[in-house]
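1. Compute the structure for the input listed below.
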Amino acid sequence: QEQLVESGGGLVQAGGSLRLSCVASGLIFATATMGWYRQAPGKQREMVAVITSGEAATYADFVKGRVTISRDNAKNTVYLQMNSLKAEDTAVYYCNFKGYDSSGFRAKNYWGQGTQVTVSS
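-> As a prediction, the model looks like this:
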């Protein structure tokens with residue numbers, strides 16, 4: 001079964017930290033580009049961070065220096081370590097998979113169900 005399952009969201013005070021996790025199943029993880037996106041109420045979904053299969057990372061300007069994306073191919077998991085959180089980081093955070101399904105032939109652009117991050121000021 002193809003799925004992405006996020007966890008680690010929650011309520012945190014401004015200045016605090018959270019680590020989000022996303023576990024992929026039914027998909028070829030090691031060669032995929034994985035990303036974290038977020039969507040705040042009334043706003044469009046936006047990229048937070050992306051990591052390639054070669055572990056090259058790209059970050060949105062608004063999180064640079066505060067966020068680290070990483071991956072563990074042995075666990076089919078991508079992480080987002082978020083530090084120095086701000087109220088404006090409040091959003092639903094989504095995991096994204098761009099790669100191939102378990103057949104290795106069908107390209108997939110897959111989203112998780114999202115995890116809520118709420119930062120209180």
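
2. what's across from Tyr100 in the sheet?
-> Beta bridges link Tyr100 to Ile28, Ala107, judged by DSSP bridges.

3. quick one: Arg71 from Ala56, how far?
-> Arg71 sits 11 Å away from Ala56, going by Cβ to Cβ, to the nearest Å. For the C-beta atoms, the positions are set from N, CA and C on the backbone; glycine is no exception.

4. out of those two, which sits in the more crowded spot?
-> Arg71 (21 against 9; other Cβ atoms under 10 Å).

5. which residues does the more buried one bridge with?
-> Val78.

6. what's the closest non-adjacent residue to Ala49?
-> Spatial nearest neighbour of Ala49, excluding adjacent residues (Cβ to Cβ, 6 or more residues apart in numbering): Ile69 at 3.9 Å.

7. Quick one: mean pLDDT over the strand or helix carrying that neighbour.
-> For Ile69, the host element (DSSP states H and E) is strand 67-72. Averaging pLDDT along strand 67-72 gives 98.

8. now what about that strand, what contacts it?
-> By Cβ atoms under 8 Å, 6 or more residues apart in numbering, the surrounding residues in contact with strand 67-72 are 34-36, 48-51, 55, 57, 59, 77-83.

9. Report the buried members of these.
-> Taking 16 or more other Cβ atoms under 10 Å as the criterion, what is buried in the contacts of strand 67-72 is 34-36, 48-51, 59, 77-80, 82.

10. For those, name the two members farthest from one another.
-> Tyr59 and Thr77 (18.9 Å; Cβ to Cβ).

11. now the buried ones among the contacts of strand 67-72 in CSV, with pLDDT, distance to Gly112 and secondary structure?
-> Shown next, in CSV, are the buried ones among the contacts of strand 67-72 (pLDDT from 0 to 100; distance: Cβ to Cβ, whole Å; DSSP: H, G, I helix; E, B strand; the rest coil):
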residue, pLDDT, distance to Gly112, secondary structure
Met34, 98, 10, strand
Gly35, 98, 11, strand
Trp36, 98, 10, strand
Val48, 98, 13, strand
Ala49, 98, 14, strand
Val50, 98, 14, strand
Ile51, 98, 15, strand
Tyr59, 98, 19, strand
Thr77, 98, 12, strand
Val78, 98, 10, strand
Tyr79, 98, 13, strand
Leu80, 98, 12, strand
Met82, 98, 16, strand
